[in-house]
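A.B. asks: here you go, sequence then predicted model.
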Amino acid sequence: MTVEIGLSELVLTRGAAFAGAHHLAFGISPDDFELARKWLRGQVDPIAVNGSDAIDGPPGWDSRSVYFRGPDGIVLELIARQADAEAPASTGDAPRLLSISEVGIGVPDVQQAVGELAETYGLHAFTPRLPDFTPVGDNDGLLILVDRERIWFPTEADLPAQASGRRAHRCARGRRTLALTAAARVEG
């Protein structure tokens, strides 16, 4: 099944059972942030940090997010980046989703995966570059690489999803193919 989300397409396929939580973030206009919070509170209970569901992004991101849980425990996020300030706000009661802004993946060695993505696909690290957390890409799309034992922010206990078996998920990028295996190794 293919789902269009703003400028992005998400292709869903049936896979093996997994433990842990996946992470996806959807970009919204900064002008939609308060609308998104209000709308979301009518749908689910947002995840709060220090009593607030409005969460500032890391240094250098110039963003605000609201997190919530989706089906199967997926950690979802609506993120308003100032880089999207020119995107028009929604004219309705719900925020307009611009794109899939982030896909989070747990890997055995974050910096090795960062190096492989840079060498093979020309994708570069975004800020912050930490031993257990490094985004790769830019404001138009980030692959969030985290250590498989790192708890997904802002939850208190959710580890990244771990698939069983050795299945590859492929994404075409130009003429090359990026395969992320169940062991979260980058192959190209």
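C.D. replies: Right, received. Where do you want to start?
A.B. asks: report the helix or strand with the lowest average pLDDT across the chain.
C.D. replies: strand 168-173 (a mean of 41; mean pLDDT, DSSP states H and E).
A.B. asks: parallel or antiparallel, list what pairs with the lengthiest strand in the chain.
C.D. replies: Determined from DSSP state E, the single longest strand within the chain is strand 97-107. Strand 97-107 pairs in its sheet with strand 23-28 (antiparallel), strand 141-147 (parallel), by DSSP bridges.
A.B. asks: isn't Leu117 up against Pro135?
C.D. replies: No: with contact defined as Cβ atoms under 8 Å, Leu117 does not count as touching Pro135 (10.9 Å). (Each C-beta comes from the backbone N, C-alpha and C, glycine too.)
A.B. asks: list residues touching both of these two?
C.D. replies: Residues touching both Leu117 and Pro135 by Cβ atoms under 8 Å, 6 or more residues apart in numbering: Leu143.
A.B. asks: nearest to Glu9, out of the strands paired with strand 97-107?
C.D. replies: With Cβ to Cβ as the measure, strand 141-147 is the member of the strands paired with strand 97-107 nearest Glu9 (12.0 Å).
A.B. asks: give me the residues contacting that closest one.
C.D. replies: With contact meaning Cβ under 8 Å, 6+ apart, strand 141-147 is reached by 8, 23, 25, 99-108, 110, 113-114, 117, 123, 126, 131-137, 152, 160.
A.B. asks: let's go with 7 Å and repeat that
C.D. replies: For strand 141-147, contacts defined as Cβ atoms under 7 Å, 6 or more residues apart in numbering pick out 23, 101-107, 110, 113-114, 126, 132-137, 160.
A.B. asks: buried residues in it, which are they?
C.D. replies: Neighbour counts over strand 141-147 (16 or more other Cβ atoms under 10 Å) mark Gly141, Leu142, Leu143, Ile144, Leu145, Val146, Asp147 as buried.
A.B. asks: work out the gap between that strand and the centre of the chain.
C.D. replies: Distance of strand 141-147 from its chain centroid, counting by Cα atoms, centre = their mean, to the nearest Å, is 7 Å.
A.B. asks: what is the mean pLDDT for it?
C.D. replies: Mean per-residue pLDDT for strand 141-147: 92.
A.B. asks: likewise stretch 89-98?
C.D. replies: Stretch 89-98 comes out at a mean pLDDT of 95.
A.B. asks: before we move on, the earlier item: now distance to Glu77 too, for the strands paired with strand 97-107, in CSV please.
C.D. replies: CSV is the format used below for these (distance: least, Cβ to Cβ, whole Å):
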stretch, distance to Glu77
strand 23-28, 4
strand 141-147, 10
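A.B. asks: ok, which of these comes nearest Ala94?
C.D. replies: Among the strands paired with strand 97-107, the nearest to Ala94 by Cβ to Cβ is strand 23-28 (10.0 Å).
A.B. asks: tell me the helix or strand right after the closest one.
C.D. replies: Next along the chain after strand 23-28, taking DSSP states H and E as the criterion, comes helix 33-41.
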